[in-house]
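Asker: Using only what follows, build the 3D model:
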Amino acid sequence: MTTRPSRVGSRTWRNTVLLAVALVTASTVAVSCGGSPETSAAPPQQMSTGDPQRGAELITKYGCGTCHEVPGVKDADGLVGPPLDHFANRGYIAGVLPNSQDNLEKWIENPQSVVPGNAMPDLGVGRHDAEDITAYLYTLR
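Answerer: Numbers count the residues shown, from 1 in each chain. Reported below is the predicted structural model:
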């Protein structure tokens, strides 16, 4: 003869399981996120290439300020993309790429190849221009 668990025992067991699932989920999220996705990785090292002054001019030329707020660039006050203040201190680019010179240049040159379908358009930025824009963004601490 099998005994059926009492209603109170069954409810207690179910609550214990639900609590365990909640704790595992919360700890997994805390470990995997470790903070804001934009700042949890180590910030990039100082750049050795690119012309920051030219980069600021290119940000205007390519119209980056249409979508982004970019400190130090006239009329760069867009609200579509994230503001780019303190960019040099961020851990990630677009929430997925570790913030490094090579990754940022790749993102600026062809964002759709990095994250297909994202909101940032391919503006036809060449390698040299991407280097200079990257140099400017890394002045934003």
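Asker: neighbours of residue 134, just the number please.
Answerer: 26 (other Cβ atoms under 10 Å). Every residue, glycine included, has its C-beta placed from N, CA and C.
Asker: do the same with residue 133
Answerer: Neighbours of residue 133 (other Cβ under 10 Å): 28.
Asker: Now do the contacts for the residue lying closest to it once chain neighbours are set aside.
Answerer: Nearest non-adjacent residue to residue 133, counting by Cβ to Cβ, 6 or more residues apart in numbering: residue 55, 4.5 Å away. Neighbouring residues of residue 55 by Cβ atoms under 8 Å, 6 or more residues apart in numbering: 132, 133, 134, 135, 136, 137.
Asker: Tell me the buried residues in the helix or strand hosting residue 55?
Answerer: Applying DSSP states H and E as the criterion places residue 55 in helix 52-61. For helix 52-61, burial by neighbour count (16 or more other Cβ atoms under 10 Å) applies to 52, 54, 55, 56, 57, 58, 59.
Asker: just those now: which is nearest residue 82?
Answerer: Lowest distance from residue 82 to those (Cβ to Cβ) belongs to residue 59, with 14.4 Å.
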